[in-house]
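**Q** Here's my sequence, what's the structure:
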Amino acid sequence: MSTLSAGHEDHHEHGPAKGLLRWVTTTNHKDIGTLYLLFALVMFFIGGAMAMVIRAELFQPGLQLVDPNFFNTMTTVHALVMIFGAVMPAFTGLANWLIPMMIGAPDMALPRMNNFSFWILPFAFTLLLSTFFMEGGGPSAGWTIYPPLSLQMGEGFPFMIFALHLAGVSSILGSINIIVTILNMRAPGMLLMKMPMFVWTWFITAYLLIATMPVLAGGLTMLLTDKFAGTSFFDAAGGGDPVMYQHIFWFFGHPEVYILILPAFGIISAILPTFARKPLFGYSAMVYATASIAFLSFIVWAHHMFTVGMPVVGELFFMYATMMIAVPTGVKVFNWVSTMWRGAMTFEAPMLFAVGFVIMFTIGGFSGLMLAIAPADFQYHDTYFVVAHFHYVLVTGAVYSIMAAAYYWLPKWTGNMYDEKLAQIHFWISTVSVNVLFFPQHFLGLAGMPRRIPDYSVQFTDWNMISSLGGFVFGVSQLLFVYVVFKCIRGGEKATDRVWEGAHGLEWTLSSPPPYHSFTTAPEVR
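**A** Next up, the predicted model:
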């Protein structure tokens, strides 16, 4: 560790006078990882506050707190902030911290670009949030920004587009950096099939980002020219087609969903073996399953569009292609369960979040299979069933994995142990409340309650009240997470080099490679 942290310590010699400047100009992968994680935490609470407004308005039928346009703005910006401002930067922060250490590199391959790709983000989200103060209010067309609705937005429209372009540039630069680092900076003897699973999942995710972000940029630019330059890409009156926008958007949007979950798979594949005290089951199968999911994610985009009037052959293709994704995903879940099977398991906070992930992500997977059935999707489409589905994947999936990672690696990052009792309380309050929040939304959706609507029929009142109460408890309980993290950063019981008392010493950070991999002696280079 001393050699890895040498560069980190050099910066401290400048003293407090250069304290702030150090964080602005740093090229150290640990500093930049920390900046990403702190930025993601701030955006998580901003996005969470918007979710609280949504749930408060829906606590009972009728319009009580906000006007409908502001409600639509909340649903739109909540999604944009959570996806592009919270989950993606958090995973990028974890990548910055962990990938160089996991592959034995001194830093990321392109340190100055690393700094640049982070500092784009605060400007991007300042732009996005500034739209609230412009005439016409913030973005209110849903996070998918469908025309013609999005073209009716107020003065904030071009600012939102520019903010998303900047976030996309940040993602592309970060992805290039990750790919170059992994391909060029692995320690001698670390073959690709000996890399930890977290490195593999990010490697594949980075390719997804580079392939899809320009597609989103193209669609957004066409929207921009439709509004300001007289083009009619999506205007039927000028020979365009609004459904074409949906194809462009979802060709980005569906791989994006996997961008938000693949790094989570890597985190869970690192944590479960540690607390089961045995190697990851089926390492090679996990690598190939991850690659299969990434490939299939490009050929299922129109399952978001079953109701637009596609030919039946198109619906059948996208239905079966979507169901195929369940196969490699099922392989992953099987391997995680097999890793735990007959292991000497203990249930510290990272393991609790990891097991919670496996169970609740699987619930999200099953509801996704239901949505994949084209004739059934005609009934589920644009109802709260869809909201329940993707929040089980992204909250109890992506967000839980980030929390698991934070608790798992905090001792390594800070040298201190976090408060285990408070962390476990955080897990249990979060898990009970998140299910009270999202599970009733399945019932609301099946009963026909539409999403993105600020008012609803009186028969939906009871489940909405229960859902909102769960939401408020879940939101407040995340303050406990912040308290545990900052308490750990400031001090506490010192962590040992074998923090989780695993059988493989340092392998508590690097538990994904097959057991024959040794970090004490470099294998022969082949």
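
**Q** How confident was the prediction at residue 6?
**A** What the model reports as pLDDT for residue 6 is 41.

**Q** With residue 513 instead?
**A** You'll see residue 513 listed with a pLDDT of 48.

**Q** What of residue 429?
**A** Residue 429 is assigned 98 on the pLDDT scale.

**Q** now the one 10 residues further on
**A** Here the pLDDT value assigned to residue 439 is 98.

**Q** Could you do residue 450 as well?
**A** 97.

**Q** who's in contact with it?
**A** Neighbour list for residue 450: 382-384, 456 [criterion: Cβ atoms under 8 Å, 6 or more residues apart in numbering]. Just so you know, the C-beta spots here come from the backbone N, C-alpha and C atoms, and that holds for glycine as well.

**Q** ok, 10 Å please
**A** 381-384, 444, 456-457 (Cβ atoms under 10 Å, 6 or more residues apart in numbering).

**Q** Restricted to buried residues, select these in PyMOL.
**A** To isolate the buried ones among the contacts of residue 450 in PyMOL, judged by 16 or more other Cβ atoms under 10 Å, type:
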select buried, resi 381+383+384+444+456
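
**Q** Mind pulling up the pLDDT for residue 9?
**A** Reading off the model, residue 9 has pLDDT 45.

**Q** about what we covered before: now, the most widely separated pair of the contacts of residue 450?
**A** Greatest spatial distance among the contacts of residue 450 (Cβ to Cβ): 381 and 457, at 18.2 Å.

**Q** re the thing from before, need the contacts of residue 450 in JSON lines (columns: distance to residue 31, secondary structure and pLDDT).
**A** Compiled in JSON lines, those are given as follows (distance: Cβ to Cβ, whole Å; DSSP: H, G, I helix; E, B strand; the rest coil; pLDDT from 0 to 100):
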{"residue": "381", "distance to residue 31": "45", "secondary structure": "coil", "pLDDT": "96"}
{"residue": "382", "distance to residue 31": "44", "secondary structure": "coil", "pLDDT": "96"}
{"residue": "383", "distance to residue 31": "45", "secondary structure": "strand", "pLDDT": "97"}
{"residue": "384", "distance to residue 31": "42", "secondary structure": "helix", "pLDDT": "98"}
{"residue": "444", "distance to residue 31": "45", "secondary structure": "helix", "pLDDT": "97"}
{"residue": "456", "distance to residue 31": "47", "secondary structure": "coil", "pLDDT": "95"}
{"residue": "457", "distance to residue 31": "52", "secondary structure": "coil", "pLDDT": "95"}
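
**Q** Just send the contacts of residue 450 back as TSV, with distance to residue 182 too.
**A** Formatted as TSV, those follow (distance: Cβ to Cβ, whole Å):
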residue	distance to residue 182
381	39
382	40
383	41
384	40
444	43
456	48
457	52
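
**Q** Where does the prediction get shaky in the protein?
**A** 1-17, 501-526 (pLDDT under 70).

**Q** Could you say which helix or strand holds residue 280?
**A** Taking DSSP states H and E as the definition, one finds residue 280 inside no helix or strand.

**Q** What sits closest to it if chain neighbours are left out?
**A** residue 273 (4.7 Å; Cβ to Cβ, 6 or more residues apart in numbering).

**Q** isn't the one you found right up against residue 279?
**A** Yes: using Cβ atoms under 10 Å, residue 273 is in contact with residue 279, at 5.7 Å.

**Q** Looking at those two, which one has more neighbours?
**A** Counted by other Cβ atoms under 10 Å, residue 273 and residue 279 do not tie: residue 273 has more neighbours, with 27 against 20.

**Q** Kindly list the main-chain dihedrals of the more buried one?
**A** Taking degrees, to the nearest 10, you get phi -60, psi -30 for the backbone angles of residue 273.

**Q** Run through the residues that contact the closest residue to residue 94 other than its chain neighbours.
**A** The spatial neighbour of residue 94 that comes closest, neighbours along the chain excluded (Cβ to Cβ, 6+ apart), is residue 405 at 5.5 Å. Residue 405 sits next to 37, 90-91, 93-94, 97-98, 198, 263-264, 266-268, 270-271, 350, 353-354 when contact means Cβ under 10 Å, 6+ apart.
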